[in-house]
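Novice: predicted model and sequence below, questions to follow.
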Amino acid sequence: DAGVTQSPTHLIKTRGQQVTLRCSPKSGHDTVSWYQQALGQGPQFIFQYYEEEERQRGNFPDRFSGHQFPNYSSELNVNALLLGDSALYLCASSFRPTRVNYEQYFGPGTRLTVT
Amino acid sequence: AQSVTQLGSHVSVSEGALVLLRCNYSSSVPPYLFWYVQYPNQGLQLLLKYTSAATLVKGINGFEAEFKKSETSFHLTKPSAHMSDAAEYFCAVSDLSGNQFYFGTGTSLTVIP
């Protein structure tokens, strides 16, 4: 059973550019959440997608946007990159109807470096 | 808003000694609480979770945590540290909707041989 997969593993971009990160959820999961983990910090919630809609959003600017596809995979897009966007971006998947035992499974992350 | 505070960004223990990692939460209602472990260059792995059942929660790799409402704490313990326990540990809280997790800043555990 494949777990959560993310691509690419590493990415280097220049300030002002745009980037797209991809995530495939664990088999059987229908909800995808994205987190930003700056160096030495805990993950910070960006947003969550369920049924192809953004359901909840953390304190991130509109430069951060996302999408969920019918197969439950998801993309995170960041426009007008800033140096401060350099971080590990984590994707987590879960199965929404089992909220009582809510549990997220994390992917290995995409390391984004903005120069 | 929910939040968690992890006391001690770095903890060092000798191999075989007790591991104690501290986490306090801020919530007006009993939340869902989690401990995750992160090894270098990897994602987060769930160690254990509290979801309003037993207050003493047992997880993987010999870890356990106790939910204490009166102290708003959810400290992680392991009786005997192994070298393989060296990693970054994160405490997290989720509100009852389960839609958003709030993570602490992490505690780096070093195990001394």
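Specialist: Good, I have the coordinates.
Novice: residue B:39 and residue B:62, how far apart?
Specialist: Computed as Cβ to Cβ, to the nearest Å, the residue B:39 to residue B:62 distance reads 16 Å. From N, CA and C alone the C-beta is placed, and that goes for glycine too.
Novice: ditto for residue B:37
Specialist: Applying Cβ to Cβ, the value for residue B:37 to residue B:62 is 12 Å.
Novice: which one of these two has more residues nearby?
Specialist: More crowded of residue B:37 and residue B:62, by other Cβ atoms under 10 Å in any protein chain shown: residue B:37, with 20 against 15.
Novice: contact partners for the more buried one?
Specialist: By Cβ atoms under 8 Å, 6 or more residues apart in numbering or on different chains, the residues touching residue B:37 are B:44-45, B:47, B:87-90.
Novice: try 6 Å this time
Specialist: By Cβ atoms under 6 Å, 6 or more residues apart in numbering or on different chains, residue B:37 lies in contact with B:45, B:47, B:87, B:89.
Novice: of all these, the one with the weakest confidence?
Specialist: Within the contacts of residue B:37, residue B:45 has the lowest pLDDT, namely 92.
Novice: which one is residue 78 nearest to, not counting chain neighbours?
Specialist: This is for chain A. In space, and not counting its chain neighbours, residue A:78 is closest to residue A:19: 5.1 Å by Cβ to Cβ, 6 or more residues apart in numbering or on different chains.
Novice: not quite, I wanted chain B
Specialist: The shortest distance from residue B:78 to any non-neighbouring residue, by Cβ to Cβ, 6+ apart, is to residue B:19 (4.1 Å).
Novice: next: residue A:12.
Specialist: In space, and not counting its chain neighbours, residue A:12 is closest to residue A:113: 4.8 Å by Cβ to Cβ, 6+ apart.
Novice: convert the C-alpha atoms of the host helix or strand of that neighbour to CSV, please.
Specialist: For residue A:113, the element it lies in under DSSP states H and E is strand A:110-114. Output of strand A:110-114 as CSV, limited to C-alpha atoms (Å, rounded to 0.1, in the frame of the first residue of the first chain):
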residue,chain,number,x,y,z
THR,A,110,9.4,18.8,-1.0
ARG,A,111,12.3,21.0,-0.1
LEU,A,112,11.9,24.4,-1.8
THR,A,113,14.9,26.8,-1.9
VAL,A,114,14.3,30.3,-3.2
